[in-house]
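> here's a sequence, model it:
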Amino acid sequence: MERFLSKLFEKMKNTKAGVIFAFLFFTVAILWCIFGFFKMIFIVLFTATGFFVGSFLFSDMSKFKKFLDRILPPGRFR
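Presented below is the predicted three-dimensional model:
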């Protein structure tokens, strides 16, 4: 997680943070207008959770294989 945040901050130093955050808050405002507050929070939380889980699992393929081995035993389906 710390490595991810440091990479994110490095990318933000090289880009225009104002444009990124303007787009982010515009998206939140549109979601709020269309769905309402609680549905918007639900969508944002699930999106963030999916992003972090996906970035954690797919950052290293050995982690992903270990995760699959816990769910699907190696001798049974693979």
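> on the pLDDT front, check residue 36 for me.
pLDDT, residue 36: 91.
> count the residues that sit near it.
By other Cβ atoms under 10 Å, the residues close to residue 36 number 11. Just so you know, the C-beta spots here come from the backbone N, C-alpha and C atoms, and that holds for glycine as well.
> OK, contacts around it?
Neighbouring residues of residue 36 by Cβ atoms under 8 Å, 6 or more residues apart in numbering: there are none.
> where does it fall, phi/psi-wise?
phi 100, psi 170 (degrees, to the nearest 10).
> measure residue 23 to residue 32 for me?
Taking Cβ to Cβ, to the nearest Å as the measure, residue 23 falls 15 Å from residue 32.
> for the spatially most central residue of the chain, helix, strand, or coil?
Closest residue to the average C-alpha location of the chain: residue 51 at 1.7 Å, with Cα atoms, centre = their mean. Secondary structure state of residue 51, per DSSP: H, G, I helix; E, B strand; the rest coil, is helix.
> on that earlier part again, higher neighbour count, residue 23 and residue 32?
Neighbour count, other Cβ under 10 Å: between residue 23 and residue 32, residue 32 has more, with 14 against 10.
> for residue 25, see how far away the more buried one is.
Distance from residue 32 to residue 25, by Cβ to Cβ: 10 Å.
> chain center to stretch 42-49, what's the gap?
How far stretch 42-49 lies from its chain's middle: 8 Å, per Cα atoms, centre = their mean, to the nearest Å.
> do stretch 18-26 as well
17 Å.
> pLDDT of that stretch, averaged?
pLDDT averaged over stretch 18-26 gives 80.
> burial check on residue 65, number of neighbours?
13.
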